[in-house]
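# got a predicted structure plus its sequence, pasted below:
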Amino acid sequence: MCCRLSTGEIWRKRADTMCESSVYILKGADKKLVMPEAARVMSSSDSVICIALSGERKTLAGAWIAEADLMKHEIILKSK
C-alpha cells in the first residue's frame, strides 16, 4: 500500500506494520505516556478508555481526546 503525503513524498506501508498508537496525557506543560501501544481508544462524555492488543485496559476519568496524529501514531489527551 502506498500513500502520498502532503509534502508530495510517497510513503510505502509494509504489510506487517501494525496500527497501534502511543497515548499521552497533557497536564499543563507535562506530557506523560499513558499507553505505548493502544489498539483502540474510545471516548465518552466523562472519560477515555485505551485498550492494547493484549487486552490491557486503562480508563482515564475526566480526560478527552485533544489531538490524534495518525501519521505519528500519537494520541494526545487532556484532563480537567
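Here it is on my side, so go on. Computed from a predicted structure; not experimentally measured. Residues are numbered from 1 along each chain as shown.
# note down every partner strand of the strand ranked longest in the chain and its orientation.
Ranked by residue count under DSSP state E, the longest strand found in the chain is strand 30-43. According to DSSP bridges, strand 30-43 forms sheet pairs with strand 21-27 (antiparallel), strand 47-52 (antiparallel).
# which one of those strands lies closest to residue 79?
Closest to residue 79 of the strands paired with strand 30-43 is strand 21-27 (C-beta to C-beta; 6.0 Å). In this view, the C-beta of every residue, glycine as well, is placed from N, C-alpha and C.
# give me the contact list for the closest one.
With contact meaning C-beta atoms under 8 Å, 6 or more residues apart in numbering, strand 21-27 is reached by 31-38, 41, 50, 60, 63, 66, 68, 70, 73-79.
# at 10 Å what do you get?
Residues from elsewhere that reach strand 21-27 (C-beta atoms under 10 Å, 6 or more residues apart in numbering): 30-41, 48, 50, 52, 58, 60, 63, 65-70, 72-79.
# show me how to select, in PyMOL, the buried members of those.
Here is the PyMOL command that selects the buried residues among the contacts of strand 21-27 (16 or more other C-beta atoms under 10 Å):
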select buried, resi 34+35+37+38+39+41+48+50+52+60+63+73+75+76+77
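# where's residue 66, which helix or strand?
Here residue 66 sits within strand 63-69, counting by DSSP states H and E.
# packing partners of that strand?
Contact here means 3 or more C-beta pairs under 10 Å, 6 or more residues apart in numbering; DSSP states H and E; on that basis strand 63-69 packs against strand 21-27, strand 30-43, strand 47-52, strand 74-79.
# sheet partners, orientation included, of it?
strand 74-79 (antiparallel).
# pull the distance from the strand it pairs with to the chain's centre.
7 Å (C-alpha atoms, centre = their mean, to the nearest Å).
# contacting residues for residue 37?
Applying C-beta under 10 Å, 6+ apart, the residues near residue 37 are 18-23, 50, 52-54, 56, 73.
# could you turn the buried ones of those into a ChimeraX selection?
The ChimeraX command for the buried members of these (criterion: 16+ other C-beta under 10 Å) is given here:
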select :21,23,50,52,73
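# low-scoring stretches of this protein, by residue?
1-18 (pLDDT under 70).
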